[in-house]
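Enquirer: sequence and predicted structure, then a few things I'm wondering about:
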Amino acid sequence: MKNEKGFTLIGVVIAIAILGVVGIAFLNGLANASIALFNTDTHATGNNLAESQMEYVKQLPYASTYSPAPIPSEYNGYSVTIDVTPLEDGNIQKIIVTVSHQDKQEVIILEGYKVSS
């Protein structure tokens, strides 16, 4: 039994430390990926909502102000504001749709124009 070789306490501690560092790096990367996915999803959802609101406004009769369309339940936590600025002779309007989320102030701002028929 004199030739038996095994792990020493120092070797085991070093191996556990290396595994700990690798594990922490992996979990940090996983957390960053999760945050990036949430931000991308919030931006894409806000973009879809802004585009649908802009199309809604363009279908309405020409007016000095517009109210947003009702927000569907799948857009829970989002809010929409619509600002109107008349341009030059009053026959063209600049429409600004701003979508906000409860976690962020402004998710997206979409600008478009509407012409009086």
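Expert: Arrived safely.

Enquirer: can you list the weak-confidence ranges in the chain?
Expert: For the chain, applying pLDDT under 70 flags the ranges 1-4, 6-7, 103-104.

Enquirer: one more time with 90
Expert: Scanning the chain with the threshold set as pLDDT under 90 gives 1-12, 38-39, 42, 62, 64, 73-77, 87-91, 102-107, 115-117.

Enquirer: for the most centrally placed residue in it, which three-state class applies?
Expert: Nearest to the geometric centre of the chain sits Thr42, at 2.4 Å (CA atoms, centre = their mean). Following DSSP: H, G, I helix; E, B strand; the rest coil, we place Thr42 in the helix state.

Enquirer: that one contacts Ile108, doesn't it?
Expert: No: using CB atoms under 8 Å, Thr42 makes no contact with Ile108, being 9.3 Å away. Using the backbone N, CA and C atoms, a C-beta is placed for each residue, glycine as well.
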